[in-house]
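> what follows is a predicted protein model with its sequence.
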Amino acid sequence: MTDEGAPEVAVFTEPGGRWRTVALGPILCLVVLIADVFVGAGVHVFGLALFAAVLAGFVALQVLAARRHASVEVTASDLRCGTETVALADIAEVLPPADPQDEDLQPWETARVLGELSGVPRRRTPIGLRLAGGDTVRAWARDGDGLRAVLESVVTRGEGSGQ
């Protein structure tokens with residue numbers, strides 16, 4: 001029995017960015033403030049507080065953008081890469097990984113990237129997918145092997161359309 005309002009449980013998730021990163025700039029400013037106190041070179045409270053706020057603001061914007069555009073999630077029914085969602089039932093085949101030693105690109109390596117991006121985000125592994133309509137696309141994740149395993153299990157279980 002499913003509850004219509006209940007959120008789906010993620011089978012695989014990568015947030016794209018972590019909010020704890022926002023705290024690094026202010027922590028560094030606090031370390032500099034403590035060093036100022038011990039060195040006796042004059043305490044720059046206002047400057048360090050302003051710098052900490054500016055750093056935290058810029059990093060918060062970066063984390064927000066990363067969580068929106070570089071996150072990956074697989075639920076029981078959908079694959080979401082960035083801002084684009086594909087129903088798992090629409091995935092006909094998970095294509096074999098590319099051979100890094102091969103000079104020729106596999107056809108899926110030049111396919112459209114999921115997530116309304118111009119290319120696979122840095123430090124992400126692309127995974128070729130053939131959709132039920134015949135289109136080929138590239139999904140991606142930091143843990144490419146983990147995402148591939150989840151997607152292959154979905155397709156082999158028969159939740160994907162098969163062709």
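In hand now; what should we look at?

> now the residue nearest the centre of the chain, nearest residue through space, not along the chain?
By C-alpha atoms, centre = their mean, the mean C-alpha position of the chain lies nearest to residue 71, the distance being 2.8 Å. Spatial nearest neighbour of residue 71, excluding adjacent residues (C-beta to C-beta, 6 or more residues apart in numbering): residue 16 at 3.5 Å. (C-beta placed from N, C-alpha, C; glycine too.)

> which residues sit in contact with that neighbour?
Residue 16 makes contacts with 66, 67, 68, 69, 70, 71, 72, 82, as judged by C-beta atoms under 8 Å, 6 or more residues apart in numbering.

> quick check, the fourth one in contact with residue 84.
No: the pair residue 69 / residue 84 is not scored as a contact, 10.1 Å apart, by C-beta atoms under 8 Å.

> look up how far residue 54 lies from residue 99.
Distance of residue 99 to residue 54, given as C-beta to C-beta, to the nearest Å: 46 Å.

> which one of the two has more residues nearby?
residue 54 (12 against 9; other C-beta atoms under 10 Å).

> the nearest residue to residue 75 once chain neighbours are set aside: which element?
Nearest non-adjacent residue to residue 75, counting by C-beta to C-beta, 6+ apart: residue 8, 3.9 Å away. Under the assignment given by DSSP states H and E, residue 8 is not contained in any helix or strand.

> residue 8 against residue 79, yeah?
No: distance between residue 8 and residue 79: 11.9 Å, which falls outside the contact criterion (C-beta under 8 Å).

> if you count surrounding residues, which of those two has more?
Taking other C-beta under 10 Å, residue 8 and residue 79 do not tie; residue 79 has more neighbours (25 against 12).

> got the CA positions of the one helix or strand the more buried one maps to in CSV?
According to DSSP H and E, residue 79 maps onto strand 78-81. Taking C-alpha atoms only, strand 78-81 is exported to CSV below (Å, rounded to 0.1, in the frame of the first residue of the first chain):
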residue,chain,number,x,y,z
ASP,A,78,12.9,7.4,-12.2
LEU,A,79,16.5,8.4,-13.0
ARG,A,80,17.3,12.1,-12.5
CYS,A,81,20.5,13.5,-13.7
